[in-house]
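1. Here's a sequence, model it:
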Amino acid sequence: MSNTTQLLRFITAGSVDDGKSTLIGRLLHDSKSIFEDQFSAISKTSEKRGMAAVDLSLLTDGLQAEREQGITIDVAYRYFATPKRKFIIGDTPGHEQYTRNMVTAASTANLVVILIDARRGVLTQTRRHTYLASLVGVPHIVLAVNKMDMVDYSQARFDEIVAEYKAFAAQLELHDVHCIPMSALNGDMVVERGDNLNWYQGPALLELLEKIEIDHDVNTSDFRFPVQWVCRPQTEEYHDFRGFMGRIEAGEVSVGDEVTVLPSGRSSRVKEIVTYDGKLQSAFAPQSVTITLTDEIDISRGDMLVKSSANPPKVEKEFEAMLCWLSESPLDKSRKYLVKHTTRTAKCLFSRLDYRVDVNTLEQHAAEKLNMNDIGRVALKIQQPLVFDGYATDRATGSFIVIDEATNNTVAAGMIA
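-> Got it, this is the predicted structure:
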C-alpha cells in the first residue's frame with residue numbers, strides 16, 4: 001500500500017439500533033479487513049447468545065458495558081484500507097446522552113454516514129446528528145437507509161424517507177448529500193451490490209467512499225502554522241539551532257516565503273523546513289514540520305505563523321461562537337473557564353448567551369444556561385488575544401474547546417462565527 005494513498009476519515013451516526021455497528025462490521029468483513037482470530041471470537045460469542053448468524057456488530061462494540069447492554073457508548077475507531085484509499089471509521093453512540101461523543105468524532109471527519117431504519121424513518125436523533133454534522137462542518141453526508149430487508153426492499157419507502165430527509169437538509173443548506181438503500185445485515189449495497197436492490201442505480205457504500213472527492217476539504221490557500229514547541233537542542237552540533245515545531249493547519253509554505261508572527265506582528269523569512277526525513281523545499285497541510293527563520297524573533301508556544309501577503313486571520317480578545325455544551329454541569333456565566341485554541345490556552349468569561357437552538361425545529365430560544373448536549377450562540381472575552389479564522393474558513397483555527405479550571409475536564413466545544 002502506497003504511503004501516498006489518500007486517507008478518508010468518516011463516522012457513522014444515527015438513532016439507537018439503526019445498525020451502525022453492524023454496518024461497520026459488514027464493511028470490515030466484506031472488505032477482508034479482519035483477522036481470522038477476530039472473526040472466530042465474535043462467532044463464538046454469537047453462538048453463546050443463541051444467534052443463527054455471526055453478529056458483526058461485535059467487531060466495534062468493544063467495551064464490556066456495551067456488549068452487555070447491546071449499545072454503543074464510546075466512540076469506537078477502526079482502521080482499514082483498500083487499494084484505492086485508507087479509512088479511519090468512528091462508530092458514534094446513538095443515545096441522546098452520548099451526543100457529545102458524536103460531536104468530538106465529527107469535528108475531524110471528512111464524511112458522515114447517517115443511518116436510518118427503513119421501518120422508522122427520520123427520527124429526532126437523525127435530525128440532531130445531521131444538525132451537528134452541519135454545525136461542525138462535515139463536508140459530505142451519506143444517508144444510508146438501512147434494514148431495507150425489513151420493508152421488502154421497497155423503492156417507494158426509500159423515496160419517501162429520502163424526500164423527508166432532504167427537506168430537512170435543505171434548511172441547513174447541506175448540498176452534498178448521497179442517499180443509498182442497504183441491508184447491513186445481509187450485505188446489500190455495503191461492499192457488494194447484492195441481488196435485492198436492482199432498482200437502485202447509484203454506487204454501493206464502499207464504492208462511494210473510495211471515489212468521493214476530499215481534496216478540497218482542507219483550506220489550501222491561507223497558510224496557518226500554530227507553534228507547538230520551540231526546538232533548542234542542547235548539543236554541540238546544533239547549539240545555534242532554533243526551530244519552531246508544529247503542524248500546518250492550512251495552506252502551504254516554501255523556503256524564502258515572508259511570514260508574519262502573530263499576535264506580535266513581527267515578520268521574517270523561512271530559512272529551512274525540516275522533518276525527520278530531512279529538509280524540504282515546501283510543505284503543506286496537514287504536515288508536521290519544524291520551521292526556522294532568517295531573523296531572531298521572540299516566538300513561543302501559542303503564536304502563529306502566517307504568510308505576510310495573504311489573507312490574515314483575526315487577532316482579538318472577543319468573539320462570538322456556536323457552542324456545544326458537553327458537561328453535566330450547566331454553563332455558569334459568572335465563572336471563569338479556560339479556552340484551548342490551536343496551541344494556546346487562555347482564561348475566558350462568557351459575556352453573553354444569545355440563544356439555544358432546538359435541533360428538531362432549528363428554532364432559537366432565549367436561554368439563561370446551557371445544559372449537557374445543548375447548542376447555543378455565545379460571546380466570549382479572552383484574557384489574551386487569540387489568532388483565529390471563522391470556522392467556515394478553517395476548521396482548525398476556527399474551533400476551540402472550553403476547559404473547567406477546577407476539574408480540568410473539557411466542558412464544551414466551540415465553532416467561531
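2. residues touching the closest residue to residue 363 other than its chain neighbours, list them.
-> Using Cβ to Cβ, 6 or more residues apart in numbering and skipping the chain neighbours, the partner closest in space to residue 363 is residue 357 (7.5 Å). Yep, even glycine has a C-beta here, placed from its N, CA and C like the rest. Residues in contact with residue 357 (Cβ atoms under 8 Å, 6 or more residues apart in numbering) are 131, 363, 364, 365, 375, 376, 377.
3. Against residue 23, how distant is residue 357?
-> As defined by Cβ to Cβ, to the nearest Å, residue 357 lies at a distance of 28 Å from residue 23.
4. go on, residue 306?
-> Separation of residue 306 from residue 23 (Cβ to Cβ): 41 Å.
5. next one: residue 106
-> Remark: distance between residue 106 and residue 23 (Cβ to Cβ) = 17 Å.
6. With residue 120 instead?
-> Taken as Cβ to Cβ, the span from residue 120 to residue 23 is 16 Å.
7. higher neighbour count, these two?
-> Between residue 120 and residue 23, residue 23 has the larger neighbour count (other Cβ atoms under 10 Å), namely 27 against 14.
8. The helix or strand harbouring residue 272: which residues count as buried?
-> Using DSSP states H and E, residue 272 falls within strand 266-275. Neighbour-count burial for strand 266-275 flags 268, 270, 272, 273, 274 (criterion: 16 or more other Cβ atoms under 10 Å).
9. Dump those into JSON lines; add pLDDT as well.
-> Formatted as JSON lines, these follow (pLDDT from 0 to 100):
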{"residue": "268", "pLDDT": "96"}
{"residue": "270", "pLDDT": "97"}
{"residue": "272", "pLDDT": "96"}
{"residue": "273", "pLDDT": "97"}
{"residue": "274", "pLDDT": "94"}
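10. Of those, which is the nearest to residue 84?
-> residue 273 (30.0 Å; Cβ to Cβ).
11. now the closest one, nearest residue through space, not along the chain?
-> Using Cβ to Cβ, 6+ apart and skipping the chain neighbours, the partner closest in space to residue 273 is residue 280 (4.4 Å).
12. so how far is residue 231 from the one you found?
-> For residue 280 relative to residue 231 (Cβ to Cβ), the value is 16 Å.
13. Endpoints of stretch 194-206, how far apart?
-> 13 Å (Cα to Cα, to the nearest Å).
14. For it, which residues meet the burial criterion?
-> Result for stretch 194-206 [16+ other Cβ under 10 Å]: buried residues 194, 196, 197, 200, 203, 204, 205, 206.
15. Widest-spaced pair of those?
-> Going by Cβ to Cβ, the pair spanning these furthest: 196 and 206, at 17.1 Å.
16. before we move on, back to that, who does the residue nearest to residue 363 form a beta bridge with?
-> Listed beta-bridge partners, residue 357: residue 364 (assigned using DSSP bridges).
17. Pull up the gap between it and residue 375, please.
-> Distance, residue 357 to residue 375, using Cβ to Cβ: 5 Å.
18. what residues are shared contacts of those two?
-> Each of residue 131 lies in contact with both residue 357 and residue 375 under the rule Cβ under 8 Å, 6+ apart.
19. give me the beta-bridge partners of the residue lying closest to residue 228 once chain neighbours are set aside?
-> Take residue 228 and drop its neighbours on the chain: the residue closest to it by Cβ to Cβ, 6+ apart is residue 246, 3.9 Å away. Here residue 246 sits in beta bridges with residue 289, going by DSSP bridges.
20. Quick check: residue 246 touching residue 224?
-> No - with contact defined as Cβ atoms under 8 Å, residue 246 does not reach residue 224; the gap is 9.8 Å.
21. out of the two, which sits in the busier spot?
-> Neighbours per residue (other Cβ under 10 Å) separate residue 246 from residue 224, with residue 224 holding more: 28 against 22.
22. Contacts only, for the more buried one.
-> Residue 224 makes contact with 248, 249, 250, 251, 285, 304, 306, 313, 389, 394, 396, 397, according to Cβ under 8 Å, 6+ apart.
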